[in-house]
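Student: got a predicted structure plus its sequence, pasted below:
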Amino acid sequence: MASLHRPLSAMAVAAFAAVSSIELPDRLSHHHAGTDAVISLPPPNKLEASAPSVTPLSGLHFLPRNHHQAFCLPKAPVVSLPVINTVHQYAGLAKASGGTAAAVPSSSSPDVLYRWHLPDPAACSDVSSDDRSQTVVVLLGWLGSKQKHLKRYADWYTSRGFQVVTFTLPMSDIVSYNVGGKAERNVEMLSEHLADWVREEDGKKIVFHTFSNTGWLCYGVILENLQRQDPSALQKIKGSIIDSAPVAVPDSQVWALGFSAAIMKKHSVATKGAASGDTRSDVLVVESHRDIKPAATEAVLLSALEKFFNVVLNYPAINRRLSGVMELLSSNQPNCPQLYMYSSADRVIPAKSVESFVESQQRRAEREVRSCDFVSSPHVDHYRSNPGLYTSQLTSFLEDCVLTCRREDSPSPLPPPA
């Protein structure tokens with residue numbers, strides 16, 4: 001496997017060198033930096049405890065699961081919190097504090113692995129808030145995404161009373177991927193925390209919202225982990241939302257396009273939509289680039305990446321690993337509703353692949369499977385391109401298929417006395 005790491009690292013270096021003269025702003029950095037309620041951890045050797053202020057708990061630091069250093073919290077001016085060692089424990093204890101969250105760092109990236117966002121207190125006054133606050137939506141990011149890219153999705157959910165986990169894999173972990181290595185250990189840590197969280201009390205539920213094939217594959221690995229760690233946790237999964245995926249086979253062209261888009265960002269052809277004759281009033285046609293071709297730099301990069309992944313994806317250990325996860329997602333998902341949001345203009349994930357997969361899932365009559373074609377929006381860009389349609393699809397799916405589950409599973413009220 002080490003022999004594969006060297007060319008993969010070399011390919012990454014060559015790819016970045018090829019585009020080093022191009023400014024590469026973050027693709028979804030349209031929201032301006034401001035006061036972020038999410039708490040990030042300093043490096044492990046600088047962890048210190050501090051007292052929570054009244055609002056928000058801006059100074060509080062949290063230890064990841066694999067650290068066991070003992071520490072004490074100074075007495076807070078209003079309330080005192082016990083020692084908190086895991087993210088999910090904090091999420092349960094700090095509901096009343098409002099929009100704060102805990103973060104677990106990655107040793108290989110200044111960005112954090114995942115953050116746990118608490119519901120907006122303003123949304124908790126609704127009569128149905130208990131059901132929502134007992135539901136965590138797990139957002140699994142696309143290749144090259146960072147926490148700030150998932151924040152707008154997290155904000156939408158927390159503003160409606162849901163708890164949210166945002167998870168991203170650093171590019172460096174994926175570039176240096178090996179079976180059972182750091183990337184999979186990071187996913188396993190998230191799986192453990194989710195299993196612990198749903199065990200705390202009855203009525204807790206999980207919804208997965210994945211982005212691109214990277215997020216979708218992470219979902220599959222989490223399902224594997226839960227099957228091994230705590231199969232009962234699988235019954236707590238009440239819905240899955242799949243954005244811009246899947247291609248359910250190891251396809252070198254898809255992987256090349258995905259890596260190219262992650263490297264080139266908004267300069268990639270993958271970020272361009274396409275012309276459309278769609279006449280739906282709620283669909284905004286955002287681009288007209290049906291015949292656009294990749295620039296010379298990206299064309300060279302795509303050619304090199306495709307040849308490279310032709311070799312890597314056929315390496316026996318990697319091919320078996322990917323095929324196993326994809327088979328689980330194709331044939332053995334939890335028996336819960338699914339929503340697929342894709343686009344005919346997606347240049348990374350072909351619409352026909354998504355539609356074929358949706359049809360295969362719909363043939364399994366025991367679950368409801370919905371889909372929506374956004375027609376002209378680019379890869380993982382449906383929310384920005386058509387926010388009204390995107391949020392309406394989410395709202396109807398959650399209300400029809402997720403929030404009703406608890407009411408349907410509860411005992412029927414006794415009839416009035418005769």
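Tutor: On my side now, so go ahead.
Student: can you map out the strands along the stretch 101-250 of the chain?
Tutor: In the stretch 101-250 of the chain, the segments counted as strands under DSSP state E, counting those that start in this stretch are 101-106, 109-117, 135-140, 163-167, 205-211, 237-243.
Student: redo the ones you listed as a markdown table? Include mean neighbour count.
Tutor: Every C-beta, even on glycine, is put in place using the N, C-alpha and C of the backbone. Below are these laid out as a markdown table (neighbours: other Cβ atoms under 10 Å):
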| stretch | mean neighbour count |
| --- | --- |
| strand 101-106 | 23 |
| strand 109-117 | 22 |
| strand 135-140 | 26 |
| strand 163-167 | 26 |
| strand 205-211 | 26 |
| strand 237-243 | 24 |
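Student: among those strands, which is nearest V380?
Tutor: Nearest of the strands of the stretch 101-250 of the chain to V380, taken as Cβ to Cβ: strand 205-211 at 5.1 Å.
Student: re earlier: right, so of the strands of the stretch 101-250 of the chain, which gets closest to S268?
Tutor: That would be strand 205-211 among these, by Cβ to Cβ, at 15.9 Å.
Student: what pairs with that closest one, parallel or antiparallel?
Tutor: strand 135-140 (parallel), strand 237-243 (parallel) (DSSP bridges).
Student: would a markdown table of the strands of the stretch 101-250 of the chain with distance to S331 and mean pLDDT be doable?
Tutor: A markdown table is the format used below for the strands of the stretch 101-250 of the chain (distance: least, Cβ to Cβ, whole Å; pLDDT from 0 to 100):
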| stretch | distance to S331 | mean pLDDT |
| --- | --- | --- |
| strand 101-106 | 32 | 57 |
| strand 109-117 | 28 | 76 |
| strand 135-140 | 20 | 97 |
| strand 163-167 | 24 | 97 |
| strand 205-211 | 17 | 97 |
| strand 237-243 | 15 | 97 |
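Student: JSON lines for those strands, including distance to A123?
Tutor: Formatted as JSON lines, the strands of the stretch 101-250 of the chain follow (distance: least, Cβ to Cβ, whole Å):
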{"stretch": "strand 101-106", "distance to A123": "15"}
{"stretch": "strand 109-117", "distance to A123": "12"}
{"stretch": "strand 135-140", "distance to A123": "12"}
{"stretch": "strand 163-167", "distance to A123": "11"}
{"stretch": "strand 205-211", "distance to A123": "16"}
{"stretch": "strand 237-243", "distance to A123": "19"}
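Student: select, out of those strands, the one closest to I174.
Tutor: Across these, closest to I174 is strand 109-117 (Cβ to Cβ), at 11.0 Å.
Student: other residues contacting the helix or strand harbouring I318?
Tutor: Using DSSP states H and E, I318 falls within helix 316-331. With contacts defined as Cβ atoms under 8 Å, 6 or more residues apart in numbering, helix 316-331 is touched by 1, 177, 179, 216-217, 219-221, 223-224, 246, 248-250, 312-313, 357, 360.
Student: same deal with stretch 221-237?
Tutor: 138, 184, 187-188, 190-192, 194-195, 198-199, 204-208, 325, 328-329, 332-334, 336.
Student: mind checking which helix or strand of the chain has the lowest mean pLDDT?
Tutor: Scoring the helices and strands of the chain by mean pLDDT, DSSP states H and E places helix 87-93 at the bottom, with a mean of 43.
Student: now the buried members of the contacts of helix 316-331.
Tutor: 177, 216-217, 219-221, 223-224, 246, 248, 250, 312-313, 357 (16 or more other Cβ atoms under 10 Å).
Student: okay, how far is it across stretch 354-368, tip to tip?
Tutor: 16 Å (Cα to Cα, to the nearest Å).
Student: any idea how far V179 is from D196?
Tutor: 26 Å (Cβ to Cβ, to the nearest Å).
Student: thinking again about what came up before, which members of the contacts of helix 316-331 occur in helices, if any?
Tutor: Applying DSSP state H to these, the entries found in helices are 216-217, 219-221, 223-224, 312, 357, 360.
Student: pick out the most distant pair among these.
Tutor: V312 and S360 (26.5 Å).
Student: out of the strands of the stretch 101-250 of the chain, nearest to F397?
Tutor: Nearest to F397, of the strands of the stretch 101-250 of the chain and by Cβ to Cβ, is strand 237-243 at 6.8 Å.
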